[in-house]
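Novice: whatever this is, show me its structure:
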Amino acid sequence: MNGDWFEASEVLEPKKPTRGGSEAQARLRRLGAAALTDVELLTVLGGARSEAEVTPLLTHGLAHLLEAPELSFELAPVLTARLLASVELAHRLPHRKLERPRLFTPHAIAAWARTQLVQRRLEETWVLSLNTRNVLLRFDRVATGGVDHCVIDAREALAPAVACRASGLVLLHTHPGGDPEPSTQDVAMTRRLKAAAQQLNITLLDHLVLAETGYLSMLEKGLLDGARGAAVLRRPMLADEDD
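Specialist: Residues are numbered from 1 along each chain as shown. Got it, this is the predicted structure:
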């Protein structure tokens, strides 16, 4: 038989079929999300026509994709944005069902925060917004820096507390390097932020630096205003008092 009408490579190395987005969606409906591979899940999430479109994102694995999203944004900005948004929603949903904790001491805050902030590679600053009974209203990341620094904008730091009408806030930032000792810039920034919060009738109760080796409370160390603070952030109010 004359074989001029086909390429030999097509016989020797046939193309491997790939699933399209519609097939992955069908498997999702039939078997559930847990049955899908990482590639299939990304295909569904991104609305891709085939798995080949998302495979390059997983060259170094799904964990690397989440840890270094800046590289993925260059390859697939829309899909990467959807993925990060989905991961954040998945992280938030379970906490919406939990009773909001009451946090009266730096130790209690540090212990609670360790369950929320896991494997952070960069310095990040978070704000805990509290009501008058020290019940947690919101927990928001307000700044992300490098491996050894994090610049905080006062407007970003105070915005969550203002939005939920909090009476107090606690700053919390991570030190991936392992040493919880704050820098002189950290202390100066905290005091400026405390003064700015007072103008809004919001009390900056503490600033905790969280590291693998432990934590440091600026309240306990007397770094908020130059005077050593008590271990309790605020006097517990009676249960029947208004928030």
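Novice: helix/strand/coil for Ala166?
Specialist: coil (DSSP: H, G, I helix; E, B strand; the rest coil).
Novice: can you tell me which residues contact it?
Specialist: 129-131, 137-138, 160, 202 (Cβ atoms under 8 Å, 6 or more residues apart in numbering). C-beta coordinates here come from the backbone N, C-alpha and C atoms, glycine included.
Novice: count of residues packed around Lys194?
Specialist: Lys194 has 19 neighbours, counted by other Cβ atoms under 10 Å.
Novice: same thing with His207?
Specialist: Applying other Cβ under 10 Å, we find 27 other residues in the vicinity of His207.
Novice: from what I see, it and Asp186 are in contact.
Specialist: Yes. In this structure His207 lies within contact range of Asp186 using Cβ atoms under 8 Å: 7.5 Å.
Novice: need the overlap of contacts for these two.
Specialist: His173.
Novice: which among the contacts of Ala166 count as buried?
Specialist: With neighbours counted by 16 or more other Cβ atoms under 10 Å, these contain buried members at 129-131, 137, 160, 202.
Novice: of those, which belong to strands?
Specialist: If you go by DSSP state E, the buried ones among the contacts of Ala166 have 129-130, 137 in strands.
Novice: TSV for the residues you listed, including pLDDT and distance to His175?
Specialist: Output for these, formatted as TSV (pLDDT from 0 to 100; distance: Cβ to Cβ, whole Å):
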residue	pLDDT	distance to His175
Ser129	95	22
Leu130	95	23
Leu137	93	25
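Novice: among the buried ones among the contacts of Ala166, which one lies nearest to Leu89?
Specialist: The closest of these to Leu89 turns out to be Pro160 (Cβ to Cβ; 17.8 Å).
Novice: not counting sequence-adjacent ones, nearest residue to the closest one?
Specialist: Among residues not flanking Pro160 along the chain, Asp140 sits closest, at 4.2 Å (Cβ to Cβ, 6 or more residues apart in numbering).
Novice: is the one you found in a helix, a strand, or coil?
Specialist: Put simply, Asp140 is strand when judged by three-state DSSP.
Novice: that one pairs with what?
Specialist: Val127 (DSSP bridges).
Novice: count residues in the vicinity of it, would you?
Specialist: 17.
Novice: is it true that Leu137 touches Ser129?
Specialist: Yes. Assessed by Cβ under 8 Å, Leu137 is found in contact with Ser129 at 4.6 Å.
Novice: now do the shared contacts for these two.
Specialist: Counting by Cβ under 8 Å, 6+ apart, the contacts common to Leu137 and Ser129 are 164, 166.
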